[in-house]
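1. Just the structure for this:
(chains A and B, ligands or ions: 2)
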Amino acid sequence: MILITAPLAAIGSTTLSALALIGRMGIFVGQILSHLVRPPFYVREFGQALVQIGWLSLPVVGLTALFTGGALALQIYAGGSRFNAEAVVPSIVAIGMVRELGPVLGGLMVAGRVAAAIAAEIGTMKVTEQIDALTTLSTNPMKYLTVPRVLAATLSLPILVLVGDVIGIYGGFLVGTSRLGFNPVTYMENTVDFLEVWDVTSGLVKGAVFGFIVATMGCYHGMNSGKGAQGVGRATTNAVVSASILILAANYLLTGVFFST
Amino acid sequence: MIALTDVHKSFGSKQVLRGVDLSVARGESLVIIGGSGTGKSVLLKCILGLVRHDAGTITLEGQDVTEGDRDAFLARFGMLFQGGALFDSLTVWQNVAFRLLRGSLKRPKAEAREIAIEKLRRVGLTPDVADLYPAELSGGMQKRVGLARAIAAEPDVIFFDEPTTGLDPIMAGVINALIREIVVEMGATAMTITHDMSSVRAIADRVAMIHDGVVKWEGPVAEMDSAPNPYLRQFISGSAEGPIEAVR
Ligand SMILES: Nc1ncnc2c1ncn2[C@@H]1O[C@H](COP(=O)(O)OP(=O)(O)OP(=O)(O)O)[C@@H](O)[C@H]1O
Ligand SMILES: [Mg+2]
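-> Ligands and ions are numbered 1, 2, ... in the order given. Below you'll find the model as predicted:
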């Protein structure tokens, strides 16, 4: 009997805890949204979060985009030459960057950098009673810690994605003109001519969603961090893993919504 | 002013508070003593609502602490945490003046800084620590910054969780005198947790001893030394023999 019930019980309890987790995250997101529109607003903390999340992520996102754009040009050239279609390199590099690789790789890199940093910071605050201290000093931790970070990430990721798009296309341009024998002027013309506004804006919308995911996961896991250094370590890992998976899942869903005609 | 009736709290299967009854009058200084891990810090956190008690009632001036306006409630309290709990992303003076820099008590930055430096002086710290970060201070200095932060906004009710642990005897004396002064001068109500019997004698109007999740003895500090309660006797004498098991 136990041989039959044990696996069932395991499935049941896993399902229940997964549902409970989704419920708790849902409540957390609801709280963030409700605090977003109610004063007080912590402008200074928001400014600091913008610098931490947006400005300091520029090098990471820029380098990622540069190398990705370059590699993309090489790949498409190699693949395209099988159909004598090397000329598509500029436009495919551009479309691939702005629609897909810019937002996704930018989001993933920021997830590694920012979700980890947020979870570690808030988790440490939690285990050293700083969160409790905030409460006793009449400051709501959700408002003071979470909202500025989520807002900053949601607003700055589209900008990071845009910068990444430009640098990525430039990476393709560099490789295309120096190694693949493209004419610089034709390369730029081909890039611009085939790129539509929606290609770019859809990528920026993705960026905003990914930014929201990254900061929310960082804050959620930090706020629910376990005790001690180990608890903070686990919170950090969980923040990065869950942010990355949610970004990839959200990317699939958004791509389906935006481009399935 | 604060009254606890039959307060229970468990963490999982571990029962920490098993029916605490305790009251503190306005302007009174109550000191809570008891062995390590008996739930003294948890008790203070229950009153502040940082930890939700499972059963029983806690009231502040007759009003249940779990109901009513939480912001107005918390604005009346100051708390020194056992570990200091200083914000490590802010400088010392910004920690002390935290309440004065935002929210309903907000005032100009220069004025807030001045008050912070004055409070630092009262806990025996010089103005040159004001611009350091908490990580750059010694443990005892961090504790005193925490103390300065707890009293900065001149709250009605102040909780001190082990204010003198980690301090040298002279500084401990200064802090004891300061706590006494705050109660007498500002008319604040204080609840202090301490293991230091000389602090108890310096700070307390009344003493409560917690053991096994309940208050085993409670009374004026003057009666503490003559009370026959075996738990209290053992605690004061620091003996391993008695009703309190010393696990080795
Ligand atoms: N958040 C928590 N989760 C689980 N258990 C907890 C939590 N907080 C406290 N406890 C447990 O409650 C008990 C009482 O803790 P508390 O910190 O109140 O002790 P204390 O009386 O202040 O001791 P000390 O004098 O050493 O500071 C401890 O056994 C502790 O393990
Ligand atoms: Mg304690």
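2. Verify the stated contact: B:Val145 with B:Val96.
-> Yes - using CB atoms under 8 Å, B:Val145 makes contact with B:Val96 at a distance of 6.4 Å. (Glycine included, C-beta is placed from N, CA and C.)
3. anything in contact with each of those two?
-> Residues touching both B:Val145 and B:Val96 (CB atoms under 8 Å, 6 or more residues apart in numbering or on different chains) are B:Leu120.
4. Show me which of those two is the more surrounded one.
-> With neighbours defined as other CB atoms under 10 Å in any protein chain shown, B:Val145 and B:Val96 compare such that B:Val96 has more, 32 against 27.
5. which one is that one nearest to, not counting chain neighbours?
-> Computed as CB to CB, 6 or more residues apart in numbering or on different chains, the closest residue to B:Val96 that is not its neighbour in sequence is B:Ala116, at 3.9 Å.
6. Walk me through the domains of chain B.
-> Listed domain ranges for chain B are B:1-76+B:157-248, B:86-154 (source: automatic domain parsing).
7. Checking the residue in chain B positioned nearest to chain A next. Helix, strand or coil?
-> Nearest residue of chain B to chain A: B:Ala85, at 4.0 Å (CB to the nearest CB). With DSSP: H, G, I helix; E, B strand; the rest coil as the basis, the three-state label of B:Ala85 is coil.
8. Check the one 4 residues further on too.
-> Three-state assignment for B:Ser89 (three-state DSSP): coil.
9. Give me the number of neighbouring residues for it.
-> By other CB under 10 Å, 14 other residues sit near B:Ser89.
10. can you list the residues of chain B near ligand 2?
-> Selection of chain B residues close to ligand 2 by CB under 5 Å from the ion yields B:Ser41, B:Gln82.
11. now the strands: where do they sit in chain B?
-> Secondary structure of chain B, counting by DSSP state E: strands at B:2-11, B:14-24, B:29-34, B:55-60, B:63-64, B:77-80, B:157-161, B:189-193, B:206-211, B:214-220.
12. per-residue pLDDT, the residue of chain B closest to chain A?
-> Note on B:Ala85: pLDDT of 94.
13. In contact with it, which residues?
-> Counted by CB under 8 Å, 6+ apart, B:Ala85 has contacts A:Thr128, A:Glu129, A:Gln130, A:Asp132, A:Ala133, B:Gly146.
14. Please narrow those to those residing in helices.
-> If you go by DSSP state H, those have A:Gln130, A:Asp132, A:Ala133, B:Gly146 in helices.
15. now, among these, which is nearest to ligand 2?
-> Nearest to ligand 2 out of these is A:Asp132 (CB to the ion; 12.7 Å).
16. Quick check: closest non-adjacent residue to that closest one.
-> Nearest one to A:Asp132, counting by CB to CB, 6+ apart, is B:Leu50 at 4.8 Å.
17. Check the gap between the residue nearest to B:Gly124 when sequence neighbours are not counted and ligand 1 for me.
-> Counting by CB to CB, 6+ apart, B:Gly124 lies nearest to B:Val174, which is 5.3 Å off, once chain neighbours are set aside. For B:Val174, the distance to ligand 1 (CB to the nearest ligand atom, to the nearest Å) stands at 22 Å.
18. and if you look at A:Thr64?
-> According to CB to the nearest ligand atom, A:Thr64 stands 40 Å off from ligand 1.
19. try A:Ala243
-> For A:Ala243, the distance to ligand 1 - CB to the nearest ligand atom - is 26 Å.
20. quick one: contacts for that residue?
-> Contacts of A:Ala243 (CB under 8 Å, 6+ apart): A:Ala111, A:Ala115, A:Ile213, A:Val214, A:Met217, A:Gly218.
21. mind giving me JSON lines with those residues and columns for distance to B:Asp161, pLDDT and secondary structure?
-> Shown next, in JSON lines, are the contacts of A:Ala243 (distance: CB to CB, whole Å; pLDDT from 0 to 100; DSSP: H, G, I helix; E, B strand; the rest coil):
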{"residue": "A:Ala111", "distance to B:Asp161": "38", "pLDDT": "95", "secondary structure": "helix"}
{"residue": "A:Ala115", "distance to B:Asp161": "33", "pLDDT": "96", "secondary structure": "helix"}
{"residue": "A:Ile213", "distance to B:Asp161": "38", "pLDDT": "96", "secondary structure": "helix"}
{"residue": "A:Val214", "distance to B:Asp161": "36", "pLDDT": "97", "secondary structure": "helix"}
{"residue": "A:Met217", "distance to B:Asp161": "33", "pLDDT": "96", "secondary structure": "helix"}
{"residue": "A:Gly218", "distance to B:Asp161": "30", "pLDDT": "96", "secondary structure": "helix"}
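22. Widest-spaced pair of those residues?
-> Greatest spacing in the contacts of A:Ala243, by CB to CB: A:Ile213 and A:Gly218 (9.6 Å).
23. and these two? which has more neighbours close in?
-> Neighbours were counted for A:Ile213 and for A:Gly218 using other CB under 10 Å; A:Gly218 has more, 33 against 26.
24. what's the burial count for the spatially closest residue to the more buried one that is not a sequence neighbour?
-> Closest residue to A:Gly218 apart from its sequence neighbours, by CB to CB, 6+ apart: A:Ile118 at 2.9 Å. For A:Ile118, the tally of surrounding residues (other CB under 10 Å) stands at 31.
25. Can you tell me which helices and strands the one helix or strand A:Ile118 maps to packs against?
-> Take DSSP states H and E as the rule and A:Ile118 turns out to sit in helix A:116-127. Contacts defined by 3 or more CB pairs under 8 Å, 6 or more residues apart in numbering or on different chains; DSSP states H and E place helix A:116-127 against helix A:130-136, helix A:197-223, helix A:228-259.
26. For A:Ala20, give me the pLDDT.
-> The predicted local confidence for A:Ala20 is 89.
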